[in-house]
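Novice: Using only what follows, build the 3D model:
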Amino acid sequence: MDNVELRPAAAGQRANIRVLADNGWPRALTTSLGNGTVYIGRQAVTQGYNTVRIAAHELGHILGLPDRKPGPCSSLMSGSSAGVPCTNPYPNAAEKAEVEDNFGAALAHPAATAPREVMIVD
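Specialist: Alright, predicted model coming up:
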């Protein structure tokens, strides 16, 4: 993506996005675009859902993407409706374009000095 980059938090650095595991169902609590907490719920992992797809789907919410259920495996935001066999962790072209649009507007103003919005993940 051109307008968004996720980077790991350095020691002592405040993260925009926190990723946690708990015993519930996976979810994202977004405080604002690009900021929030992703929960990798063990309930879905126990049921056989792919952990990388879960993480990518929930990060999609932090990046402004809504659920698109029911949907095919080719749609990252179809989430659990694509079924346990689906392991695709990649957004499709439309989902990528939506994230680019979400963050492109923030970078379009003349004061923008960075080529992309950088979110720090812990």
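
Novice: Quick one, grab the pLDDT at I120.
Specialist: Per-residue confidence at I120 stands at 69 (pLDDT).

Novice: what do you get for G41?
Specialist: 93.

Novice: Ok, the one 4 residues further on next?
Specialist: Model confidence at V45, expressed as pLDDT, equals 96.

Novice: Could you find the closest non-adjacent residue to it?
Specialist: Distances taken as CB to CB, 6 or more residues apart in numbering put T51 closest to V45, at 5.8 Å, once the chain neighbours are dropped. C-beta: built from backbone N, CA, C; applies to glycine.

Novice: quick one: low-confidence parts of the chain?
Specialist: 105-120, 122 (pLDDT under 70).

Novice: those helices in it, which residues are they?
Specialist: Remark: helices assigned in the chain by DSSP state H are 42-46, 51-62, 93-107.

Novice: Provide the backbone phi and psi angles at L65.
Specialist: phi -90, psi 140 (degrees, to the nearest 10).

Novice: OK, contacts around the residue at minimal distance from the centre of the chain?
Specialist: Taking CA atoms, centre = their mean, the centroid of the chain lies closest to L59, which sits 1.4 Å from it. Applying CB atoms under 8 Å, 6 or more residues apart in numbering to L59 gives the contacts L6, I17, A28, V38.

Novice: What's the local residue count around G12?
Specialist: Look at G12: counted by other CB atoms under 10 Å, it has 5 neighbours.

Novice: Now do the strands in this protein.
Specialist: Listed in chain order, the strands of the chain (DSSP state E) span 4-8, 17-22, 27-32, 35-41, 117-121.
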